[in-house]
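Colleague: structure for the following, please:
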Amino acid sequence: MSFITNPSAEKQSIVPNSDRRICVLLNHSSGKDDKPEIETRLEEGFKRHPGRFELRTFTAGDGLADMCQRAMKDGFGTIVAAGGDGTISGVAGQVAGTGRRMGVLPLGTFNFVARGLGIPEDLDEAINLIASDQSRTLPVGEVNGRIFLNNASLGIYPAVLREREGTYKRWGRSQIAAHWSVLRTFLSFRRPVKMRVTVGSSTERLKTPLAFVARSSFQLDHYGLEGADAVRDGQFALYLAPDVTRWQLLVRALLLATKGMVLHRDFELFTGSEIVIETSRRRQLVAMDGERLMLEGPFRFRMHPDALIVAAPERGPGDNRSESAPNGPQ
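Modeller: Numbering: from 1, shown residues only. Okay, the predicted model is just below:
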């Protein structure tokens, strides 16, 4: 799946599209293998709003960008991502800056984007929200022209995603399978990356197994990480892991799962709206919202405020300050 910023995303003034028709793009590759049942539920939910919804399906190899562009050329004012966070970010990369509204029907494993925005995980409630025309603007992160909504990273995390894909194929999609992939990857990882990292006027040279750039304050609150308030204020939170042994990496993975990570011991934190990362290898595998993509450095991260119009409540859990942060999935 590609994440290509829509050429219109750099426009200074975004004029909302007034067409009330809604195109739903259902990713058959996301989440559990129950898509026929999901399609039936969606069609039943659409009947409550006659003439508003149209369902179009695709798989990972069909080209999500082309599907989005076709829906916009057909005049739909709202494009809905029905899938996981990768699908949502793929749609966001096309819709941002166009004046179209993006809707979300959460069908992924973690659904961090939907949960952070306060979008119901119940499909009927999510459909009703999209049909209500309620919306808000959302900032998006960008690295070398590719949009992300949760996070982007270099180093060990792209390897985790590669391991996760194999685990999902063998055992199916679940949070347990996702966490197992993390443990297996951390135990076998051997190649930290040499980096030159610039955030504002500060530059660091280091060797690290992971550079993690976060844009979702909800995700940071979920894992008990400092930096969420900076993200709420329109900045990135950059986490750099120390160059440690694989066993020490494993300990940090367990600490992350139990919200036990400590600043300056387990990671270093930098915040800013623009970040540049240069690496010893010209091309690097970059993970973005659960997807992997080979990009050529240097890696330039920028924040685009209010670039995306989203069907969502005015405020969601991700807008809350850390003292009222969520406790994770129920």
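
Colleague: got a list of contacts for the helix or strand residue 276 falls within?
Modeller: Using DSSP states H and E, residue 276 maps to strand 274-279. Strand 274-279 is contacted from outside by 154, 193-200, 211, 213, 236, 238, 297-303, using C-beta atoms under 8 Å, 6 or more residues apart in numbering. All C-beta spots, glycine's among them, are computed from the backbone N, C-alpha and C.

Colleague: that strand: how far from the chain's middle?
Modeller: Centroid separation for strand 274-279 versus its chain: 19 Å, with C-alpha atoms, centre = their mean, to the nearest Å.

Colleague: helices or strands up against the helix or strand just after it?
Modeller: The helix or strand immediately downstream of strand 274-279 is strand 283-288, counting by DSSP H and E. If you count contacts as 3 or more C-beta pairs under 8 Å, 6 or more residues apart in numbering; DSSP states H and E, strand 283-288 packs onto strand 146-148, strand 151-155, helix 156-171, strand 291-296.

Colleague: okay, now the sheet partners of strand 283-288, with direction.
Modeller: According to DSSP bridges, strand 283-288 has the following sheet partners: strand 151-155 (antiparallel), strand 291-296 (antiparallel).

Colleague: out of those, nearest to residue 81?
Modeller: Nearest to residue 81, of all those, is strand 291-296, at 13.1 Å by C-beta to C-beta.

Colleague: follow-up on the earlier one: which stretch in the helices and strands packed on strand 283-288 has the least confidence?
Modeller: When the helices and strands packed on strand 283-288 are compared on average pLDDT, helix 156-171 comes out lowest at a mean of 65.

Colleague: you'd agree residue 305 is in a strand?
Modeller: Yes. Remark: residue 305 belongs to a strand, assigned using DSSP: H, G, I helix; E, B strand; the rest coil.

Colleague: list the contacts for it?
Modeller: Applying C-beta under 8 Å, 6+ apart, the residues near residue 305 are 139, 234.

Colleague: from the contacts of strand 274-279, list just the buried residues.
Modeller: 154, 193, 195, 197-199, 211, 213, 236, 238, 297, 299, 301, 303 (16 or more other C-beta atoms under 10 Å).
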